[in-house]
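Peer 1: Can you look at this prediction? I've put the sequence above it.
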Amino acid sequence: MKAILLALLLPVSFAASAQKVLLDSYFNNEQKKDASGQMHSWHYKWEETAMSGFSILGQQFLRNGADTATLYAAPTAASLAGAAVYIIVDADNEKENLSPRFILPEHISAIEQWVKKGGVLVLMGNDSANAELSHFSKLSQRFGITFTTRSRNMVKGKEFATGAVHIPAGNEVFPSIKKAYLKEVSILEVKSPAKALVTEGSDVIMAVAHVGKGAVFAVGDPWLYNEYTDGTRIPAEYENAGAAADLVNWLLKQASK
């Protein structure tokens, strides 16, 4: 009888243990008309299969047993509860949204406490012309990271070599790749508890921080969207698809600790 009850309960237990990966659509809420003329939020969305979407990255999380969801409201202790990973990408500026929602002190407090309790935060910026970095950095600075207005990898046309970012051997987040492609990147500044993860020359491209029971990954570009992970737009020497797989593995591993 006990064995039967255990067999009935196991599927429920596995489903309940899936890690939830939450993608922000509050700070990144660009609007455009769909085919029916209705306005909708777009750019870096799980369900967006166009080149501008995150559908390929989302599938990578799903293949690793996680669940993906979208947060359309502001981050609070309640809205972040149950999330293993929270991703904020390319926060809107006035050019992208007539009424941008900036990251405010109450948002920062909720996110910081969530990280300290074991949450894993992903911050993907952009160059200062295409993202809001001032308020965004007030959040990242709680973890020792600043998104600066200095940019690099300003690729012209198909000069892909300008976007090359070399991954050092033994990298803790990206152990399986050697070179990635990032275009128009905000250069990071780091101080404790953050540390540089990937650099080009003296410029910090990616950083990580371990805070309390949680972790933070930061990069100055939304580089893992479909255009640069589907294998058709950039030369094969740039291993962005492999980078997506490595990053997902690392994020979920941090969240499971």
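Peer 2: Arrived safely. For clarity, every value in this text was computed on a predicted model and none was experimentally measured.

Peer 1: Report the distance from whichever strand or helix holds Phe217 to the chain centre.
Peer 2: Using DSSP states H and E, the element containing Phe217 is strand 214-219. Counting by CA atoms, centre = their mean, to the nearest Å, strand 214-219 is centred 9 Å from the centre of its parent chain.

Peer 1: What residues sit buried inside the helix or strand following that strand?
Peer 2: Next along the chain after strand 214-219, taking DSSP H and E as the criterion, comes helix 240-256. Neighbour-count burial for helix 240-256 flags 240-252, 254-255 (criterion: 16 or more other CB atoms under 10 Å). Heads up, the C-betas are built off the backbone N, CA and C, glycines and all.

Peer 1: ok so, going back, by how many degrees do the strand holding Phe217 and helix 240-256 diverge?
Peer 2: 160 degrees (axes from the mean of the first three to the mean of the last three CA atoms, to 10 degrees).

Peer 1: and the gap between the residue nearest to Ala50 when sequence neighbours are not counted and Asn93?
Peer 2: Once flanking residues are discounted, Ala50 sits nearest to Asn226: 6.9 Å by CB to CB, 6 or more residues apart in numbering. Per CB to CB, to the nearest Å, Asn226 is found 23 Å from Asn93.

Peer 1: Report the rounded mean pLDDT for stretch 94-113.
Peer 2: Across stretch 94-113, the average pLDDT comes to 94.

Peer 1: now the residue nearest to Ala50: how far from Tyr26?
Peer 2: Asn226 is 22 Å from Tyr26, by CB to CB.

Peer 1: The strand holding Phe217 packs against which elements?
Peer 2: Strand 214-219 makes packing contacts with helix 105-116, strand 120-124, strand 145-152, strand 185-190, strand 194-200, strand 203-211, helix 240-256 when contacts are defined by 3 or more CB pairs under 8 Å, 6 or more residues apart in numbering; DSSP states H and E.

Peer 1: can you do 7 Å?
Peer 2: Secondary-structure packing of strand 214-219 (3 or more CB pairs under 7 Å, 6 or more residues apart in numbering; DSSP states H and E): helix 105-116, strand 120-124, strand 203-211.

Peer 1: what's the angle from it to strand 145-152?
Peer 2: Using the same axes, to 10 degrees: strand 214-219 against strand 145-152 is 10 degrees.

Peer 1: and strand 214-219, which strands flank it?
Peer 2: Take DSSP bridges as the rule and strand 214-219 pairs in its sheet with strand 120-124 (parallel), strand 203-211 (antiparallel).

Peer 1: what's that strand in contact with?
Peer 2: If you take CB atoms under 7 Å, 6 or more residues apart in numbering as the criterion, strand 214-219 is touched by 115-124, 140, 143, 145, 173, 188, 205-209, 251, 254.

Peer 1: Buried subset of these as a PyMOL selection?
Peer 2: Command for PyMOL, covering only those of the contacts of strand 214-219 found buried under the criterion 16+ other CB under 10 Å:
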select buried, resi 115+119+120+121+122+123+124+140+143+145+173+188+205+206+207+208+209+251+254
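
Peer 1: Can you report how many residues lie near Asp230?
Peer 2: Neighbour count for Asp230, taken as other CB atoms under 10 Å: 15.

Peer 1: can you check the one 4 residues further on too?
Peer 2: Look at Ile234: counted by other CB under 10 Å, it has 19 neighbours.

Peer 1: Enumerate the beta-bridge partners assigned to the closest residue in space to it that isn't next to it in sequence.
Peer 2: Closest residue to Ile234 apart from its sequence neighbours, by CB to CB, 6+ apart: Tyr181 at 5.1 Å. With DSSP bridges as the criterion, Tyr181 is bridged to Ala164.
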